Structure formats: C-alpha cells, structure tokens
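1. Quick one: sequence plus predicted model below, questions after.
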Amino acid sequence: MTTHFAPFTDLEDVEQAPCGTWLGETSELSGDWSKVNCMLCQKHKAKIIAAAAAEERFIVEQMGDMAAFMRAEA
C-alpha cells in the first residue's frame, strides 16, 4: 500500500495525488511526511511543498481582498 502526501484537508473527491499518481483502492493519503512512502512524492517533496505554500498565500490574499471590498461596501 502506497501512502501519498496530501497538503489539503478535504480528501473526499481527491482522485490524484500531488505527485501525479492516480489514486486507487489501496492508496492512502497523509499530511505527515514521515508516513509518506511514495517515491514520487518524496522525489518532488520541495515542489509539492512550494505549490501548497503558493496556494495558501493565494487564498490568504484573496480573503484579504474580499475583506477590503466588504469594508468599502459598508
């Protein structure tokens, strides 16, 4: 059984791991790198972490823009 890294919390509709591997019945996901045994995930660890950080920054920026818009509307 292969455990892939999952930088996200909503695992309901995940069909593909960040390494590009399609998930099957025996695939597991974990946000803890010590439990990840997928060699592709380990090989691309720096890229996966950077992509997750970029996505988080985008979400925070978008939330700030939304808050500014709502303050301007009030």
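-> That came in fine, so what should we check first? Quick caveat, the model's predicted, so the values are computed rather than measured. Numbers count the residues shown, from 1 in each chain.
2. Quick check: L40 vs E25, distance?
-> Distance from L40 to E25, counting by CB to CB, to the nearest Å: 19 Å. Any C-beta I mention is one placed from the backbone N, CA and C, and that applies to glycine too.
3. can you tell me which residues contact the closest residue to G31 other than its chain neighbours?
-> Distance criterion CB to CB, 6 or more residues apart in numbering; nearest residue to G31, sequence neighbours excluded, is A6 at 5.6 Å. When contacts are counted by CB atoms under 8 Å, 6 or more residues apart in numbering, A6 touches V14, A17, P18, L29, S30, G31.
4. If we use 10 Å, what do you get?
-> 14, 17-18, 23, 28-32, 36, 41, 48, 52 (CB atoms under 10 Å, 6 or more residues apart in numbering).
5. Now intersect those residues with the helices, please.
-> Cross-referencing the contacts of A6 against helices under DSSP state H gives C41, I48, A52.
6. Give me the secondary structure label for A50.
-> helix (DSSP: H, G, I helix; E, B strand; the rest coil).
7. what does stretch 52-72 contact?
-> F5, A6, P7, F8, P18, G31.
8. how about 7 Å then?
-> Stretch 52-72 is contacted by residues P7 when judged by CB atoms under 7 Å, 6 or more residues apart in numbering.
9. Could you do stretch 34-48 as well?
-> With CB under 7 Å, 6+ apart as the test, stretch 34-48 has contacts from T2, T3, H4, F5, P7, A17, P18, C19, G20, T21, S30.
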